[in-house]
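Participant: model the following, please.
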Amino acid sequence: MSETNDLTPAEARLWRAFPRGESVDFRTTENADQAIGDAGDAGDAERTVRASVLRALLIKAPQEEGEIAALRVTGARIIGVLDLKYATVDAAVQLSHCRFDGVPDLYGARLRQLDLSGSVLPGLTSAALRVEGALRMTDCRMRGPVRLGGAQISGALFTERAEFTAPDDSEPVLQLNQVVIGGDFWAPEIRAHGQVRLTGASVAGRINIQDAVFDKPDGTALDAQNLNVGAHVRARCIRVRGRVELRGSRISGRLDLLHARLSHPGDTALRASSCVIGELWLRRGDRVEGALNLRRSHMEILTLEPEMLPDRVHLGNLTYTVLAPHEPPERRLPMLERDDDRYEPHGYEQLTAAYRHVGDDDAARLVQLAKQRRRRATLPWYGRLWGYVQDATVGYGFRPLRAAVWLLSLLAVGSIAYGLEHPRPVKAGEAPDFNAVFYTLDLLLPVVSFGQESAFAPDGWYQWLSYSLIITGWILATTIVTGVTRTVSRQ
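Facilitator: Got it, this is the predicted structure:
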């Protein structure tokens, strides 16, 4: 190639160093720890390397016996497009703290290792890339879309402190859809000004996005539908403006959202529906701005602080074994009442099961009572009326002592009233001695008979009192039977 016959001094240095895997550092003392600035400087000519020369170097792969070839370049300005499309490169490639004028094209390439740490790029086209080792983009500044969809990385992917932006938001700034990572995805403190897409990605190890910033306030900031993670997702202290989409994801370990700030007002802030997650931690952070959707998900441990819950939550068919921290029902029930203002019995049953799991039966009963009261609002008027009667008398069977209080109160009223004015006997001379207490019990208890009610017949308002006691006794008996039946069926 003509490029290899007319090498600049900088390119000649690379050509000599490559066969022995030696590093070539073009940085000066003043900017030793920085990439070349976007505007360039007077020293660019001394460290400018043509992308076509790098391609020839990697494809021709000059060898030196007894040495391991590698491209290790620091602080270079790379002009042109580094085109390694479908290429197979056996040497490790390190292009750190470099500035690329063109978007490298690594589509379908096979590399042993790629390190772009600290570099500035106008974007990266690397869909279907295969990397045998690690892919490093630590401290990179990406000024255009990074396309890694369908890539397979046998090692880990490192993007810590990287910044991703694009001239427009027509496509995601970081595309990792369908990517397969054999190790960890290490990305703490990244800054993404646009959408990050992880749909269908598979990460065998952990994902670390602690202290990351995802900013797309008008749409989905982090799209990770059908994500599969073999260990934990550490997302502590993340700041998100826009939706976090996790629908259908499987996270074997913990989804850690401690101190997170999720904001998407007027829309969904976090959607983790139809997910299988070992543990979800949502606590110690700011109140979620936007809806929280956990429908149809399954979690072993759900750590959820009431203070972080937004005005709208969707919990239909959410299942969990443990709900932490342990809070009284008064603190947990509002989240069920915010669920679209619809009656969802499953949410109450799940919360009841969580309280019973830790042995708090009193709290479980209160949740069941709240469930019946919520259900009452969905019934027709006669159903609501009967519900109010059951609630006032025996608390839907969850407060049976109320029936005893009502019974004793009515017994006292009847005993006093009939004790002051005895009803006349039905058959004079045949009636037993009148007993006001047992006469009132005869009126109140539908099944038990002491022979008093049939032997005496009150007059006037005492007769109306007897009718009231009989009706009230039937109502009490019916509600008690209903409550006992409900209790037995639960057990």
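Participant: lowest-pLDDT helix or strand in the chain?
Facilitator: helix 2-5 (a mean of 58; mean pLDDT, DSSP states H and E).
Participant: give the contact list for Gly383.
Facilitator: Applying Cβ atoms under 8 Å, 6 or more residues apart in numbering to Gly383 gives the contacts Arg376. For the C-beta atoms, the positions are set from N, CA and C on the backbone; glycine is no exception.
Participant: who does Asp115 form a beta bridge with?
Facilitator: Under the criterion DSSP bridges, Asp115 forms beta bridges with Gln94, Arg136.
Participant: can you report how many residues lie near it?
Facilitator: 21 (other Cβ atoms under 10 Å).
Participant: what pLDDT is listed against it?
Facilitator: Looking at Asp115, its pLDDT reads 97.
Participant: Leu255 too?
Facilitator: 97.
Participant: phi, psi of it?
Facilitator: Taking degrees, to the nearest 10, you get phi -100, psi 100 for the backbone angles of Leu255.
Participant: partners of it in the sheet?
Facilitator: Val233, Leu280.
Participant: residue ranges with poor pLDDT in the protein?
Facilitator: 1-5, 29-43, 61, 340-341, 393-394, 397, 400-401, 479-491 (pLDDT under 70).
Participant: and the residue located most distally from the centre of it, how far from Asn435?
Facilitator: In the chain, the residue that sits farthest from the middle, by Cα atoms, centre = their mean, is Gly429; the gap is 80.2 Å. Distance from Gly429 to Asn435, counting by Cβ to Cβ, to the nearest Å: 18 Å.
Participant: do you know how far Ala134 is from Gln113?
Facilitator: From Ala134 to Gln113 the distance is 6 Å (Cβ to Cβ).
Participant: joint contacts of the two?
Facilitator: Between them, Ala134 and Gln113 share the contacting residues Gly155, judged by Cβ under 8 Å, 6+ apart.
Participant: please report the distance of the residue farthest from the centre of the chain from Ala455.
Facilitator: If you go by Cβ to Cβ, the gap between Gly429 and Ala455 works out to 11 Å.
Participant: what do you get for Gly316?
Facilitator: 59 Å.
Participant: tell me which of these two has more neighbours.
Facilitator: Ala455 (18 against 15).
Participant: ok, then the element right after the least confident helix or strand of the chain?
Facilitator: helix 9-17 (DSSP states H and E).
Participant: show me what whatever helix or strand comes next after that next one is packed against.
Facilitator: Past helix 9-17, further along toward the C-terminus, the next helix or strand under DSSP H and E is strand 23-25. Counting contacts by 3 or more Cβ pairs under 8 Å, 6 or more residues apart in numbering; DSSP states H and E, strand 23-25 packs against helix 9-17, strand 70-74.
Participant: what residues sit buried inside the first one?
Facilitator: Which is helix 9-17. Ala10, Glu11, Arg13, Leu14, Trp15, Ala17 (16 or more other Cβ atoms under 10 Å).
Participant: for those residues, give me a markdown table that also has distance to Tyr382.
Facilitator: Shown next, in a markdown table, are the buried residues of helix 9-17 (distance: Cβ to Cβ, whole Å):
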| residue | distance to Tyr382 |
| --- | --- |
| Ala10 | 90 |
| Glu11 | 91 |
| Arg13 | 92 |
| Leu14 | 88 |
| Trp15 | 92 |
| Ala17 | 90 |
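Participant: in this protein, which spans are helices?
Facilitator: 2-5, 9-17, 44-47, 51-60, 329-337, 345-357, 361-376, 381-394, 401-420, 436-444, 461-490 (DSSP state H).
Participant: can you redo these as TSV with distance to Phe100?
Facilitator: As requested, the helices of the chain are arranged in TSV below (distance: least, Cβ to Cβ, whole Å):
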stretch	distance to Phe100
helix 2-5	17
helix 9-17	15
helix 44-47	13
helix 51-60	8
helix 329-337	49
helix 345-357	53
helix 361-376	59
helix 381-394	70
helix 401-420	77
helix 436-444	91
helix 461-490	67
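Participant: so of those, which one's packed in deepest?
Facilitator: Highest mean neighbour count among the helices of the chain (mean count of other Cβ atoms under 10 Å): helix 436-444, with a mean of 22.
Participant: ok, and what's touching that one?
Facilitator: In contact with helix 436-444 (Cβ under 8 Å, 6+ apart) are residues 407, 410-411, 414-419, 422-423, 448-453, 456, 466, 469-470, 472-473, 476.
Participant: from Arg365, how far off is Arg356?
Facilitator: From Arg356 over to Arg365 (counting by Cβ to Cβ), the distance is 10 Å.
Participant: for Arg241, same thing?
Facilitator: Taken as Cβ to Cβ, the span from Arg241 to Arg365 is 42 Å.
Participant: ok, now Val389?
Facilitator: Taking Cβ to Cβ, one finds Val389 at 19 Å from Arg365.
Participant: now His346: closest residue in space that isn't a chain neighbour?
Facilitator: Leaving aside its sequence neighbours, His346 sits nearest to Asn317 (Cβ to Cβ, 6 or more residues apart in numbering; 5.6 Å).
Participant: same question, Ile470
Facilitator: Here the residue nearest Ile470, using Cβ to Cβ, 6+ apart, is Leu443, at 5.3 Å.
Participant: ditto for Gly290
Facilitator: Nearest one to Gly290, counting by Cβ to Cβ, 6+ apart, is Ala269 at 3.0 Å.
Participant: Gln463 versus the nearest residue to Ala392 once chain neighbours are set aside, what's the distance?
Facilitator: Computed as Cβ to Cβ, 6+ apart, the closest residue to Ala392 that is not its neighbour in sequence is Arg402, at 7.7 Å. With distances taken as Cβ to Cβ, Arg402 is found 28 Å from Gln463.
Participant: likewise for Val426?
Facilitator: For Val426, the distance to Gln463 - Cβ to Cβ - is 13 Å.
Participant: was I right to think Met137 contacts Ser126?
Facilitator: No. Using Cβ atoms under 8 Å, Met137 is not in contact with Ser126, being 10.4 Å away.
Participant: any shared contact partners between the two?
Facilitator: Taking Cβ under 8 Å, 6+ apart as the criterion, Met137 and Ser126 both touch Val146.
Participant: what count of nearby residues applies to Leu124?
Facilitator: Leu124: 25 neighbours (other Cβ under 10 Å).
Participant: that older thread, can you redo the helices and strands packed on strand 23-25 as a markdown table with distance to Ser263?
Facilitator: Listed next are the helices and strands packed on strand 23-25 as a markdown table, based on distance: least, Cβ to Cβ, whole Å:
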| stretch | distance to Ser263 |
| --- | --- |
| helix 9-17 | 47 |
| strand 70-74 | 39 |
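Participant: nearest to Asp215, out of those?
Facilitator: strand 70-74 (30.4 Å; Cβ to Cβ).
Participant: from the chain's centroid, how far away is that closest one?
Facilitator: Centroid displacement of strand 70-74 relative to its chain, using Cα atoms, centre = their mean, to the nearest Å, is 42 Å.
Participant: how much space separates the residue nearest to Cys140 when sequence neighbours are not counted from Arg283?
Facilitator: Excluding its sequence neighbours, the residue lying closest to Cys140 (Cβ to Cβ, 6+ apart) is Ala162, at 4.5 Å. With distances taken as Cβ to Cβ, Ala162 is found 28 Å from Arg283.
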